[in-house]
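Undergrad: I would like to see how this sequence folds:
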Amino acid sequence: MTPTAPRPSATICLLRDGPQGLEVLMGQRSASAKFMAKAWVFPGGRVEETDEERAAELVVGDNEADQLPWIVAALRETVEEAGIWLTDPPRSEVLGDRSVYDVLDTSSETFVVKACYFANWVTPADMPIRYDARFFACEVVEGLPPIPDGQEIDLAEWVRPGEAILRAAQHEWLVPFPTHVILEQLAKARSATAFMDLAENEAVNTVKPRIRIEDDGSLRVVLPGEPGFDELPVEGSGPEELAAAARRAQQSGNPIPEIE
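TA: You can find the predicted model right below:
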């Protein structure tokens, strides 16, 4: 079976320095979502045709020109999901039934950001829904309380990366595998500026994990370089067999990894 083509998508880590160190904005996806329901993630979503058409005119800042469609998609999703507008000045405001582009056009505003592209994850070929997700980081001012839209995102908050990792370990939060890896990277940074400096100067590696069905029926994400990765077929077992394994794992109580 031919794998589903990955959809271009963009995710953005909004970073700020809180009283106890670096904080990042995260939101909990709706319980009714078809993909990663109830998972805690960074704002983001698919790159749409309008994003590609409007990006160059609506994003102001020191950004790479070829990344602008992904950046504007991530910023649009941040507004739609969390009500945070990275304009000049930045603000928190409910979008309502308007479109982001209509609001920007009416107010003659643009997004004003410096967004660093620092990670790229491609969903394994086994999965029926796949994304080619580019991760960006952006440093923002304090304030900017998130306003969850109640449709895509039920809850949202500024959180220290280490705290988010702890909540996931204690099974309080469901955190997708790539998001967990990004949180570990963020937790090592002394400040938002320090992470931005790192993101700006390091090369981006595309990560294409594979999935292994263990003998006990559990599913394991295997990263490039880990033991057994090269032995796994690129196209894996296929969505049907993977879904059957997921059902067996759920019935047996084994964890099922969430993969963006």
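
Undergrad: nearest spatial neighbour of Val103, skipping sequence neighbours?
TA: Nearest residue to Val103, sequence neighbours excluded (C-beta to C-beta, 6 or more residues apart in numbering): Leu95, at 7.2 Å. Using the backbone N, CA and C atoms, a C-beta is placed for each residue, glycine as well.

Undergrad: again with Glu214
TA: Nearest residue to Glu214, sequence neighbours excluded (C-beta to C-beta, 6+ apart): Arg220, at 5.8 Å.

Undergrad: is it true that that neighbour lies in a strand?
TA: Yes: in this structure, Arg220 lies within a strand as judged by DSSP: H, G, I helix; E, B strand; the rest coil.

Undergrad: my read: it touches Arg210, true?
TA: No: the criterion here is C-beta atoms under 8 Å, and Arg220 misses it with Arg210 at 9.5 Å.

Undergrad: Those two: which is more packed in?
TA: Higher neighbour count among Arg220 and Arg210: Arg210, with 22 against 15, using other C-beta atoms under 10 Å.

Undergrad: beta partners for the more buried one?
TA: For Arg210, the beta-bridge partners are Val222 (DSSP bridges).

Undergrad: What of Phe111?
TA: On the basis of DSSP bridges, Phe111 is bridged to Val59.

Undergrad: rewinding a little: quick one: the residue nearest to Glu214 and Tyr131, what's the gap?
TA: Per C-beta to C-beta, to the nearest Å, Arg220 is found 20 Å from Tyr131.

Undergrad: Could you check the pLDDT of the residue nearest to Glu214?
TA: Arg220 carries a pLDDT value of 71.

Undergrad: Nothing else from me, thank you.
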